[in-house]
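In: Sequence plus predicted model, see below.
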Amino acid sequence: MIIKLYNCLDYIKKIEKEYTDILNKVNNKFKSKGVPVSIYLAKDEKHVNGKVFIRYYGVKIKVQGEIDVENVILPPRFMLDGFEYVIDNDTVLCSYKVFRKYANMLGPCMVVVELDKLKNIIVSKIREKAYKVKRDYIAKTKIPISRVPLMQTGIIKMISEELNITYEDLIDYLVYLSDKGDINISFGESGELWLLTM
């Protein structure tokens, strides 16, 4: 599921510049000590059809000559290391799954998910199918349950096919709706999603 992040591009650029400034200070220390090492932010940037695709993947270390590794102290990790996004007309686009990993660091960004039309349909279908599974389980076992697994029971697969949404996107939608408080889902072992049914 792709989301839009408004008021985010300048913030990301600020974080990147601050980190680049740290790397420049580290490089200047290396240079002053005669250590032939330079460290740069590793970043893929591709321009396609007016959009810019960016992915951060650590740092690049350039060594010119022999060095004593004891003289090389690496800088702190870049806080957006691994973050992938697309810039489209000053709007940042990324998958919700990626955003969740970096949500704490992207606090000033305003998240917009174009889900309003599907939200009620998804929530009602999930609840409808989960309550049916719950009812059938209780009828067979006479054991009351309050949570229903959504993956193991095939509920997510059925709904993704009914609504013509990819399985992964439906999971992202459910996680997003849970984060927003629209549906009560908990996360179990092996990535299972559990719907709380009262």
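Out: Cool, got the structure.
In: Tell me the secondary structure at Val35.
Out: For Val35, the secondary structure call by DSSP: H, G, I helix; E, B strand; the rest coil comes out as coil.
In: Would you confirm that it contacts Asn71?
Out: Yes. Counting by C-beta atoms under 8 Å, Asn71 is a contact partner of Val35 at 4.8 Å. For glycine as for every other residue, the C-beta is placed from the backbone atoms N, C-alpha and C.
In: which of the two has more neighbours?
Out: Taking neighbours as other C-beta atoms under 10 Å, Val35 and Asn71 compare with Val35 leading, 18 against 13.
In: check contacts around that one.
Out: Ile67, Asn71, Val72 (C-beta atoms under 8 Å, 6 or more residues apart in numbering).
In: Okay, it and Tyr137: tell me how far apart.
Out: 65 Å (C-beta to C-beta, to the nearest Å).
In: got it, and Leu177?
Out: Counting by C-beta to C-beta, the gap from Leu177 to Tyr137 is 24 Å.
In: Who has more neighbours out of these two?
Out: Applying other C-beta under 10 Å to Leu177 and Tyr137 shows that Leu177 carries more neighbours, namely 20 against 15.
In: Look up the closest residue to that one, ignoring the ones flanking it.
Out: Ile183 (4.7 Å; C-beta to C-beta, 6 or more residues apart in numbering).
In: Tell me who's in contact with the one you found.
Out: For Ile183, the contacting residues are Val123, Ile126, Arg127, Leu174, Leu177, Leu195, by C-beta under 8 Å, 6+ apart.
In: ditto for Val113
Out: Going by C-beta under 8 Å, 6+ apart, the list of residues near Val113 reads Met1, Ile3, Lys4, Tyr96, Tyr176.
In: Tell me how this structure divides into domains.
Out: 2-112, 116-196 (automatic domain parsing).
In: Tell me the predicted confidence for the residue nearest in space to the middle of the chain.
Out: Centroid-nearest residue in the chain: Val98, 1.7 Å away (criterion: C-alpha atoms, centre = their mean). pLDDT, Val98: 90.
In: re the thing from before, from the contacts of Val35, which land in strands?
Out: Nothing among those maps onto strands, per DSSP state E.
In: Just send these back as TSV, with distance to Ile54 and pLDDT too.
Out: Formatted as TSV, these follow (distance: C-beta to C-beta, whole Å; pLDDT from 0 to 100):
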residue	distance to Ile54	pLDDT
Ile67	31	77
Asn71	32	70
Val72	27	77
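In: So which of these are in helices?
Out: Among the contacts of Val35, no member falls in helices (DSSP state H).
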